[in-house]
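Asker: Sequence and predicted structure, then a few things I'm wondering about:
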Amino acid sequence: MLDIQTAVSLQTFNTLALPARAEFFCRVDTDETLLEALRWARDKGLRITVLGGGSNVVLLNDIPGLVISMAIPGIGLQHQIGDQLAVRVGAGENWHLLVQRTLAEGWYGLENLSLIPGLAGAAPIQNIGAYGVELSERFLSLEAIHIPSTERLSMSADDCRFGYRDSFFKHAGRDQYVITSVTLSLSSKPQLHLDYPALQQALVERNPTELTPALISEVVCEVRRSKLPDPAVLPNAGSFFKNPVIAKEQYARLISQYPDLVGYPQADGLVKLAAGWLVDRAGWKGVMRDGVGVHQQQALVLVNRGGDGAKLLALADEISQSVLSQFGVTLELEPRVYP
Ligand code: FAD
Ligand code: NAP
């Protein structure tokens with residue numbers, strides 16, 4: 001049943017714990033309630049903002065209109081052909097609990113994506129990725145509601161136009177759809193992806209007798225916990241900047257000047273730089289001021305210790321300017337900023 005509340009604090013609904021309020025707010029746990037909410041807002045000419053776990057947003061001010069908190073549940077095996085499984089997941093399912101559930105069921109493929117905060121419905125928005133695996137490699141389709149028409153539709157991987165931490169939903173599809181479920185392509189036969197250096201190193205240290213998806217998940221969680229601040233303890237939104245991708249000529253110039261620059265050649269001839277290295281080398285690691293700062297262990301993560309969105313963005317802007325002037329590389333914000 002639709003329950004619209006007014007002037008709701010969103011501080012506990014975003015992992016940066018930024019103070020902001022929703023003019024109107026509702027939680028939706030069925031497609032029908034979602035449709036009701038969309039029509040309610042449309043009739044009043046209100047703006048609609050969808051929130052999942054709030055782990056990739058920067059809330060600058062109070063949000064006008066209706067904030068919809070996604071809570072549609074459900075995890076189910078849709079069909080199996082040989083080893084191949086199609087698993088449908090409600091948009092409101094917690095991503096990490098989903099990963100754990102799939103491992104317990106013997107549905108493999110998400111292990112490298114363990115411990116990513118947020119909900120399943122947001123995973124396609126930035127094509128979540130970690131430790132050498134991206135959602136797009138495990139994606140079959142999604143179901144969504146088109147906000148302006150309130151029509152239901154299904155979208156394929158091609159429709160989603162996945163890119164590096166990118167999709168159609170960050171461009172032409174921005175604010176046009178509410179994703180209600182995601183169907184993943186998993187396997188009953190483990191196919192481990194162990195190429196990622198930090199994962200390899202952790203496995204060498206453990207020297208396990210057997211490599212299993214459950215072990216990979218455990219090791220990924222261990223590595224993540226050792227480097228990343230837990231948002232429940234120190235509010236953050238993960239990587240604040242995307243890794244920039246530059247021309248190989250620019251990379252050649254930079255590496256001659258900075259021999260320890262971290263860069264990874266891509267299939268298209270471009271080179272992906274580690275944004276964390278650039279921010280660190282520009283001298284920002286551990287800097288704290290006005291209640292916001294750069295994490296001590298991971299320069300890519302900005303943290304909030306009682307500041308606000310404006311202070312956080314001012315810091316991010318100063319970091320970007322200094323990286324641009326020192327390296328000639330433009331940094332792009334990863335989280336979505338709500339002005
Ligand atoms: P939110 O922050 O709530 O929303 C993000 C955007 O998606 C918003 O624009 C929102 O409107 C939209 N959205 C959310 N749900 C829906 C929906 N159902 N329909 C339509 N639009 C929707 N990301 C990675 O890719 N890899 C990582 O390894 C990773 N590690 C992280 C570690 C930490 C500690 C933190 C805090 C973040 C990390 N992230 C990572 C970023 C973040 O967890 C992901 O982007 C995640 O998918 C966001 O999910 P969410 O539910 O919190 O989305
Ligand atoms: P890391 O292992 O210290 O590596 C630093 C960067 O180098 C990463 O951003 C990674 O790019 C890149 N990299 C490392 N090895 C690579 C390889 N063999 N080929 C191509 N690129 C390589 O990174 P970290 O900060 O601890 O994060 C570990 C993983 O978790 C990464 O995949 C990262 O994306 C993910 N993560 C994401 C967020 C987020 O909010 N988006 C937050 C925390 C962690 P990629 O980022 O492209 O993998």
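Answerer: In hand now; what should we look at? Numbers count the residues shown, from 1 in each chain. Ligands and ions are numbered 1, 2, ... in the order given.
Asker: if you look at the helix or strand hosting residue 225, does any of it touch ligand 2?
Answerer: Element membership for residue 225 (DSSP states H and E) is helix 213-227. Yes - part of helix 213-227 sits near ligand 2 under the criterion Cβ under 6 Å from any ligand atom, namely residue 227. In this view, the C-beta of every residue, glycine as well, is placed from N, C-alpha and C.
Asker: ok, the residue in the chain positioned nearest to ligand 2 - how many residues close by?
Answerer: Per Cβ to the nearest ligand atom, the residue of the chain with the smallest distance to ligand 2 is residue 238, at 2.4 Å. Under the neighbour criterion other Cβ atoms under 10 Å, residue 238 is assigned a count of 22.
Asker: swap in residue 222?
Answerer: By other Cβ under 10 Å, neighbour count at residue 222 equals 14.
Asker: so what's it up against?
Answerer: residue 202 (Cβ atoms under 8 Å, 6 or more residues apart in numbering).
Asker: pLDDT score assigned to residue 298?
Answerer: We have a pLDDT of 95 for residue 298.
Asker: One more: residue 230?
Answerer: At residue 230, the pLDDT value in this model is 97.
Asker: cool, the one 3 residues further on as well?
Answerer: Reading off the confidence values, residue 233 has pLDDT 97.
Asker: Repeat that for residue 92.
Answerer: Among the per-residue scores, residue 92 shows a pLDDT of 98.
Asker: Would you mind giving the secondary structure of it?
Answerer: Using DSSP: H, G, I helix; E, B strand; the rest coil as the criterion, the local structure at residue 92 reads coil.
Asker: hmm, back to that, could you pull up the residues touching the residue of the chain closest to ligand 2?
Answerer: 55, 56, 117, 228, 301, 334, 335.
Asker: Excluding chain neighbours, what is closest to residue 41?
Answerer: Nearest residue to residue 41 in three dimensions, chain neighbours excluded: residue 66, at 4.2 Å (Cβ to Cβ, 6 or more residues apart in numbering).
Asker: Am I right that that neighbour falls within a strand?
Answerer: Yes - the assignment for residue 66 is a strand, going by three-state DSSP.
Asker: tally of neighbours for it?
Answerer: 22.
Asker: who in the chain is up against ligand 1?
Answerer: Residues of the chain found near ligand 1, taking Cβ under 6 Å from any ligand atom as the criterion, are 15, 50-57, 70, 91, 116-119, 121-123, 125-126, 128-130, 165, 177-179, 228, 231, 236-238, 336.
Asker: Going through those residues, which ones are buried?
Answerer: By neighbour count, with 16 or more other Cβ atoms under 10 Å, these hold 15, 50-57, 70, 91, 116-119, 121-123, 125-126, 128-130, 165, 177-179, 228, 231, 236-238, 336 as buried.
Asker: quick revisit: verify the contact between the residue nearest to residue 41 and residue 45 for me.
Answerer: No - in this structure residue 66 lies outside contact range of residue 45 using Cβ atoms under 8 Å: 10.8 Å.
Asker: Partner strands of the next helix or strand after the helix holding residue 225 and their direction?
Answerer: Helices and strands here follow DSSP H and E; after helix 213-227, the next one along the chain is strand 236-239. Partner strands for strand 236-239, per DSSP bridges, with pairing direction: strand 301-304 (antiparallel).
Asker: Check which element follows the partner strand along the chain.
Answerer: Following strand 301-304 in sequence order, the next helix or strand is helix 309-327 (DSSP H and E).
Asker: Centre of the chain to that following helix, how far?
Answerer: Its chain's average C-alpha position is 21 Å from that of helix 309-327, according to Cα atoms, centre = their mean, to the nearest Å.
Asker: The next helix or strand after it - contacts with which helices or strands?
Answerer: Moving toward the C-terminus from helix 309-327, the first helix or strand encountered (DSSP H and E) is strand 336-338. Counting by 3 or more Cβ pairs under 8 Å, 6 or more residues apart in numbering; DSSP states H and E, the packing neighbours recorded for strand 336-338 are strand 57-59.
Asker: Check which helices and strands the strand it packs on sits against.
Answerer: So strand 57-59, by 3+ Cβ pairs under 8 Å, 6+ apart, packs with helix 309-327, strand 336-338.
Asker: possible to save the ones you listed as CSV with mean pLDDT?
Answerer: Putting the helices and strands packed on strand 57-59 into CSV (pLDDT from 0 to 100) gives the following:
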stretch, mean pLDDT
helix 309-327, 97
strand 336-338, 98
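Asker: Can you tell me which of the ones you listed is nearest to residue 290?
Answerer: Shortest separation from residue 290 across these is recorded for helix 309-327, at 4.5 Å, computed as Cβ to Cβ.
Asker: can you list the domains in this structure?
Answerer: 5-70, 75-187, 236-338 (automatic domain parsing).
Asker: Could you pull out the buried residues of the longest strand seen in the chain?
Answerer: In the chain, assigned by DSSP state E, the strand with the most residues is strand 177-187. Residues of strand 177-187 classed as buried under the neighbour-count rule (16+ other Cβ under 10 Å) are 177, 178, 179, 180, 181, 182, 183, 184, 186, 187.
Asker: what's the angle between that strand and helix 213-227?
Answerer: In this structure, strand 177-187 runs at an angle of 130 degrees to helix 213-227, with axes from the mean of the first three to the mean of the last three Cα atoms, to 10 degrees as the basis.
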